[in-house]
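> just a sequence and a predicted model for now, questions to come.
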Amino acid sequence: MNDFTVFPLNNYKMKYAGISISVISLILLVINSFVHNLNFHSNISEVQHQNILFWGFVMGLYLLTFSKEKIDDDRVKRIRSKALQISFGLLSSVLLAITFIGSYDNTFQSFETIQILSIVAGSLLIYQIIFNLGIYHDSSFIYSDNTVRENKRRNKRFYLIYILVSLITLTLIIIF
């Protein structure tokens with residue numbers, strides 16, 4: 001059977017490119033927030049410069065998220081699938097909550113680029129945390145199609161870390 005995918009995963013070496021792009025963009029973003037006159041091009045405003053750097057951070061996370069592991073077996077694929085499912089569910093929930101609030105409050109109707117990128121970055125960061133916890137920190141972290149209650153009972157530490165990271169990420173998105 002042919003494993004045709006519309007969006008194939010990058011090879012393992014692209015993880016290094018994604019990490020490099022994310023780290024460099026994040027460092028420049030932090031430097032840019034402290035030094036307000038740091039412009040790489042004179043025709044770009046400070047807000048546009050910040051958006052470009054944050055876009056670079058999100059693209060680095062994107063490359064990191066959609067790259068294969070060194071050993072990409074069925075366990076890794078199942079963990080990747082569940083991590084994507086969870087992060088997509090959170091992303092959809094946040095967007096639905098924002099549009100629901102926006103229908104009653106006019107302040108949420110006009111989004112800036114940095115706010116939209118923050119939501120996407122939060123979703124990709126949550127994916128990275130869930131995926132790396134599942135692969136590297138818990139060898140018994142194998143998802144099954146059991147009930148939610150049974151999975152929570154088997155993976156208590158994961159769900160506790162997941163809830164804490166989700167709350168911290170959502171708090172940071174709301175603050176910034």
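Looks like it came in fine. Here the structure is a predicted model, which means the values were calculated and not measured.
> going by C-alpha atoms from here, please, whenever you check contacts or count neighbours.
Will do.
> ok but L125 is inside a helix, no?
Yes. The assignment for L125 by DSSP: H, G, I helix; E, B strand; the rest coil puts it in a helix.
> low-confidence bits of the chain, can you list those?
Applying pLDDT under 70 to the chain flags the ranges 1-7, 36-41, 105-111, 137-156, 158-159, 162, 166, 169-170, 172-176.
> repeat the analysis, applying 90 as the threshold.
Counting by pLDDT under 90, the chain has low-confidence residues at 1-16, 18-19, 22-23, 25-54, 57-58, 61-176.
> can you list the domains in it?
Following automatic domain parsing, the chain resolves into domains at 1-68, 72-176.
> any chance of these in TSV, plus mean neighbour count?
Below are the domains of the chain laid out as TSV (neighbours: other C-alpha atoms under 10 Å):
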stretch	mean neighbour count
domain 1-68	16
domain 72-176	15
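> which residue lies nearest the spatial centre of the chain?
L124 (1.0 Å; C-alpha atoms, centre = their mean).
> right, and that one touches G60 too?
No. Using C-alpha atoms under 8 Å, L124 makes no contact with G60, being 10.1 Å away.
> so how far is V165 from S22?
For S22, the distance to V165 (C-alpha to C-alpha, to the nearest Å) stands at 19 Å.
> for Q50, same thing?
For Q50 relative to V165 (C-alpha to C-alpha), the value is 25 Å.
> list the helices and strands the helix or strand harbouring I130 packs on?
Taking DSSP states H and E as the definition, I130 sits inside helix 113-132. In terms of contacts (3 or more C-alpha pairs under 8 Å, 6 or more residues apart in numbering; DSSP states H and E), helix 113-132 is packed against helix 46-65, helix 74-104, helix 156-175.
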